[in-house]
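A.B. asks: would you be able to build a 3D model of this:
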Amino acid sequence: MSKPASSYYPPRARWYAPLLNLGYLGRRRLGLDRLQMPTGLSFRGVICGLLVPGLAVWVRGPRIWGRLAVSLCAVLVFVFLAFLGYTVGNLAFGLLLSVHVTGLLYLCGPWLEAKTVGSRFWWSLGLLFVLAALFYLPARSFLQDHLFMPLRVRGHVVVVSKLASMATAKRGDWVAYTVGRWDSREAYFEHNGVVVQAGYGFGPVIGVAGDRVRFAPDSVEVNGVALPRRPLMPSSGPRRPLMPSSGEVVVPEKHWLVWPEFDTSGHGFIAQEQIEATLLRTATITADQMVGRPFKHWFWRRQNLS
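C.D. replies: From the prediction side, this is the model:
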């Protein structure tokens, strides 16, 4: 006689079960399973709250406040990226760190209640330092060093892609590059008495390898074709490029010609020809100096390059 099938079925394992098992094995290997967490805290909850901003509030509850905290952090991340390099973006970055720290303190509330006011203060300060030094500042540096970097150009910000191929840069393309020995934070000295401070440059490519560039009083000729001087060298206010009014240069192999713009200050007498020769040498950049190329659009706005 057959028996009816049982109405109870054990729940199926979730999709993230292998990750939990891997985390459990890692805790055992490192001996973390023998650590006793304070009352009201769990190892998993602390790790989740540490890695994801706002999730600590969701772990402790109530869940409605947790959803609001996570949503707020998502909005702050969006504002930080959308207004990268602006004051609004920097404020969003600071608020994101503050919400993250506040959520972790809220999660550790049952344990911190037994502490003195001074202990809670130093605990909060230490948590702020740990998150900033180990997570937030390294993450921001990674984004700017490997993905995209904001540059302030004539009062506005241009976001540059560091993933763009620089080897294919052609005439008319805007590029960002380093000037001087930027890696060592030292000034770049020239033998003729002109000092060029290290930093970043940004401008359109005038000539590529093999191009013959000839300077004239009112124009620049590239391979015999005259190009208007002002569209190539935009400037505002006192920042005017010191281009030679005559002469010719051939761009070397694996080099680009990008005319720089500087804020200048004079001490003593230096001939105009010496300044022009120094800037001409600075304008010839190598592949190692290339930083990136600007996005045409950053989120919803079109970037102003000039």
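A.B. asks: how about the helices in the stretch 201-306 of the chain?
C.D. replies: Counting by DSSP state H, counting those that start in this stretch, the stretch 201-306 of the chain has helices at residues 229-232, 272-283.
A.B. asks: worst average pLDDT in those helices?
C.D. replies: Looking at these, the lowest mean pLDDT belongs to helix 229-232 (a mean of 45).
A.B. asks: one step back: deepest of the helices of the stretch 201-306 of the chain, which one?
C.D. replies: Stretch with highest mean neighbour count among those: helix 272-283 (a mean of 17; mean count of other Cβ atoms under 10 Å). In this view, the C-beta of every residue, glycine as well, is placed from N, C-alpha and C.
A.B. asks: CA atoms only: put that one into PDB for me.
C.D. replies: This file holds the C-alpha atoms of helix 272-283, laid out as PDB (Å, rounded to 0.1, in the frame of the first residue of the first chain):
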ATOM      1  CA  GLN A 272      61.100  86.100 -25.700                       C
ATOM      2  CA  GLU A 273      63.000  83.500 -27.900                       C
ATOM      3  CA  GLN A 274      64.100  81.600 -24.800                       C
ATOM      4  CA  ILE A 275      60.600  81.400 -23.500                       C
ATOM      5  CA  GLU A 276      59.200  80.200 -26.900                       C
ATOM      6  CA  ALA A 277      61.900  77.600 -27.200                       C
ATOM      7  CA  THR A 278      61.100  76.200 -23.700                       C
ATOM      8  CA  LEU A 279      57.400  76.100 -24.500                       C
ATOM      9  CA  LEU A 280      58.100  74.400 -27.800                       C
ATOM     10  CA  ARG A 281      60.100  71.700 -26.100                       C
ATOM     11  CA  THR A 282      57.300  71.300 -23.500                       C
ATOM     12  CA  ALA A 283      54.700  71.000 -26.300                       C
END
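A.B. asks: on that earlier part again, of the helices of the stretch 201-306 of the chain, which approaches Lys296 most closely?
C.D. replies: Evaluated with Cβ to Cβ, those place helix 229-232 nearest to Lys296, the distance being 17.9 Å.
A.B. asks: can you pull the contacts of Val75?
C.D. replies: Val75 makes no contacts at all, as judged by Cβ atoms under 8 Å, 6 or more residues apart in numbering.
A.B. asks: which phi and psi does it have?
C.D. replies: Its backbone dihedrals place Val75 at phi -60, psi -40, with angles given as degrees, to the nearest 10.
A.B. asks: and it, how far from Leu96?
C.D. replies: Spatial separation of Val75 from Leu96 under the definition Cβ to Cβ, to the nearest Å is 9 Å.
A.B. asks: could you pull out the helices in the stretch 1-150 of the chain for me?
C.D. replies: Taking DSSP H, counting those that start in this stretch to define them, one finds helices in the stretch 1-150 of the chain at 17-30, 43-51, 55-60, 63-82, 87-107, 109-112, 117-131, 137-142.
A.B. asks: how about Tyr106, what does it touch?
C.D. replies: So, once contact is read as Cβ under 8 Å, 6+ apart, Tyr106 ends up touching 56-57, 60.
A.B. asks: closest to Ala164 among the residues you listed?
C.D. replies: The closest of the contacts of Tyr106 to Ala164 turns out to be Ala56 (Cβ to Cβ; 37.6 Å).
A.B. asks: per-residue pLDDT, the closest one?
C.D. replies: We note a pLDDT of 91 for Ala56 in this prediction.
A.B. asks: with adjacent residues omitted, what lies nearest to it?
C.D. replies: Excluding the flanking residues, the one nearest Ala56 by Cβ to Cβ, 6 or more residues apart in numbering is Gly49, at 2.9 Å.
A.B. asks: what's the neighbour count on the one you found?
C.D. replies: 23 (other Cβ atoms under 10 Å).
A.B. asks: my read: it touches Leu105, true?
C.D. replies: No - under the criterion of Cβ atoms under 8 Å, Gly49 lies out of contact with Leu105, with a separation of 10.1 Å.
A.B. asks: what separates His255 from Val222, distance-wise?
C.D. replies: Shown here: His255 relative to Val222, a distance of 14 Å by Cβ to Cβ.
A.B. asks: right, I mislabeled it, should have said Thr286
C.D. replies: With the distance defined as Cβ to Cβ, Thr286 ends up 19 Å from Val222.
A.B. asks: between those two, which has more neighbouring residues?
C.D. replies: Under the criterion of other Cβ under 10 Å, the comparison of Thr286 against Val222 puts Val222 first, with 18 against 12.
A.B. asks: tell me what the more buried one is bridged to.
C.D. replies: According to DSSP bridges, Val213, Val225 are recorded as the beta-bridge partners of Val222.
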